[in-house]
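>>> quick one, structure for this:
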Amino acid sequence: MRRSAPTSQDVARLAGVSQSTVSYVLTGSRPISAATRRRVEEAIEKLGYHPNSGARALRSRRSGVLGLMVPEAYGNDAVLMRFVGAIAREAQRFGYDILLVTAQEGARGIHRVVRTGVCEALILMELGRHDERVAAVIEAGLPFVLIGKPVGFPNGSVVDLDFERLGRMVVDRAADEGCERLLLFGEPGHRRHRNDVSRFLLGIEEQAQTKARADGAGLEVVLDAGELPDVPARARELARGGRRTAVFGLNGVTEVLFATAASGALDDPHLLLLALTDEDLAQISPLLAQIPRIDPRRVEISELAVRELVRLLREEGASPRVTLVEPEWVEQDVSDPG
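Purely as a prediction, here's the structure:
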């Protein structure tokens, strides 16, 4: 049988170092001790490892460029640009520029960017539960950070919102507010292939089961797949007969907020609207000021991702790590100071 070519991960394992250290030896992007360099080079020679052309090109210089693989924009471009803008600003603070690569290119995009030798390191956004780009970026041998946490992720740095924690928070709030049902809009059932949605639903389902075992009441979870403007009508239908219903979604939040306000459903005592947004709802409209919201902390996550990548690039022997940022409830104080 034909043996597969050795990878930088094999080199790291044999040399007893992190994969990022192997990348530093290959690219010269930061100083490495003579002893560590010798172990890595001996492992490379023993395995017959041949680094890709992009890694070889970086051995003699630092490009000062970080690659950012962004998702195909859908729904709310403003959310994507909030990430991109924060990443670009934080990267510039450390003296790096950003090269944007679209996720439509998949693993081919990773290989293409690495072959050019332009990028010192990579940030990947919007990952699937099982994402082909992860294997490609590991094979590339460059330091990388994922904004998203795929299933069975073997090695590498992750910075992301704690979506399982988010799911538990939503269930707890709905139960505490006396809700019997929870309507999740934005087609979450059809988006389980995404790592964020799958983790969020896991938190929802586990916490709903925990609540049911604890008090026997349970919270019925409805995965809505309809059009966003019609969410208020479907929520009111679920709430018929006095069954209080909470409404929440990971995407399409602004559209549903305005549709709910326009339909008059904000004043329905049998509905509880919960919003996932980093925008001040009172600034958008006074009608939305009393809606409890969860801050997804997108800017903070973006900045942490850049700082983690800089750590991997500049700190000798830095090991990859997972950082999950907890979402936070932010409720507008609408009391009249007078």
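>>> low-confidence ranges in the stretch 151-300 of the chain?
Residues of the stretch 151-300 of the chain meeting the criterion pLDDT under 70: 153-154.
>>> Met69 against Leu99, yeah?
No - Met69 is beyond contact range of Leu99, at 9.6 Å (criterion: C-beta atoms under 8 Å). Just so you know, the C-beta spots here come from the backbone N, C-alpha and C atoms, and that holds for glycine as well.
>>> the more surrounded of these two?
Taking other C-beta atoms under 10 Å, Met69 and Leu99 do not tie; Met69 has more neighbours (26 against 16).
>>> and the more buried one, helix, strand or coil?
strand (DSSP: H, G, I helix; E, B strand; the rest coil).
>>> can you tell me how far it sits from Asp97?
Separation of Met69 from Asp97 (C-beta to C-beta, to the nearest Å) stands at 15 Å.
>>> repeat that for Thr254.
31 Å.
>>> ok, now Glu42?
35 Å.
>>> Arg293: neighbour count?
For Arg293, using other C-beta under 10 Å, the count is 22.
>>> backbone dihedrals for it, please?
phi -130, psi 150 (degrees, to the nearest 10).
>>> enumerate every residue touching the residue lying closest to it once chain neighbours are set aside.
What sits nearest to Arg293 in space, not counting adjacent residues and going by C-beta to C-beta, 6 or more residues apart in numbering, is Ala275, at 4.1 Å. Neighbour list for Ala275: Phe248, Val253, Leu257, Leu281, Leu288, Ile291, Pro292, Arg293, Ile294 [criterion: C-beta atoms under 8 Å, 6 or more residues apart in numbering].
>>> using ChimeraX, make a named selection holding only the buried ones among those.
Buried subset of the contacts of Ala275, written as a ChimeraX selection, criterion 16 or more other C-beta atoms under 10 Å:
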select :248,253,257,281,288,291,293,294
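>>> could you dump the contacts of Ala275 into CSV and include secondary structure and distance to Leu202?
Below are the contacts of Ala275 laid out as CSV (DSSP: H, G, I helix; E, B strand; the rest coil; distance: C-beta to C-beta, whole Å):
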residue, secondary structure, distance to Leu202
Phe248, strand, 15
Val253, helix, 21
Leu257, helix, 26
Leu281, helix, 28
Leu288, helix, 29
Ile291, coil, 25
Pro292, coil, 23
Arg293, strand, 22
Ile294, strand, 17
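>>> so which of the contacts of Ala275 comes closest to Arg168?
Ile294 (11.6 Å; C-beta to C-beta).
>>> can you map out the strands along the stretch 51-200 of the chain?
Under the criterion DSSP state E, counting those that start in this stretch, the stretch 51-200 of the chain contains strands at 65-70, 97-102, 121-125, 144-147, 157-161, 181-185.
>>> please read the previous query as pertaining to the stretch 201-338 of the chain.
Going by DSSP E, counting those that start in this stretch, the stretch 201-338 of the chain shows strands at 220-223, 245-249, 271-273, 275-276, 293-295, 322-325, 328-330.
>>> redo those as a markdown table? Include distance to Arg311.
Shown next, in a markdown table, are the strands of the stretch 201-338 of the chain (distance: least, C-beta to C-beta, whole Å):
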| stretch | distance to Arg311 |
| --- | --- |
| strand 220-223 | 38 |
| strand 245-249 | 34 |
| strand 271-273 | 39 |
| strand 275-276 | 29 |
| strand 293-295 | 25 |
| strand 322-325 | 11 |
| strand 328-330 | 24 |
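>>> so of the ones you listed, which one's packed in deepest?
Sort the strands of the stretch 201-338 of the chain by mean neighbour count, taking mean count of other C-beta atoms under 10 Å, and strand 245-249 sits at the top with a mean of 25.
>>> can you tell me the strand partners of that strand and which way each runs?
strand 181-185 (parallel), strand 271-273 (parallel) (DSSP bridges).
>>> could you dump these to a markdown table with distance to Ala214?
Below are the strands paired with strand 245-249 laid out as a markdown table (distance: least, C-beta to C-beta, whole Å):
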| stretch | distance to Ala214 |
| --- | --- |
| strand 181-185 | 16 |
| strand 271-273 | 20 |
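>>> circling back to that earlier point, who has more neighbours, Thr254 and Asp97?
Counting neighbours by other C-beta under 10 Å for Thr254 and for Asp97 shows that Thr254 has the greater number, 19 against 13.
>>> which residues in the stretch 101-250 of the chain form helices?
With helices called from DSSP state H, counting those that start in this stretch, the stretch 101-250 of the chain shows them at 106-116, 132-140, 163-176, 195-215, 231-238.
>>> count of neighbours near the residue nearest to Gly226 when sequence neighbours are not counted?
Nearest residue to Gly226 in three dimensions, chain neighbours excluded: Arg234, at 6.0 Å (C-beta to C-beta, 6+ apart). A count of neighbours around Arg234, defined by other C-beta under 10 Å, yields 17.
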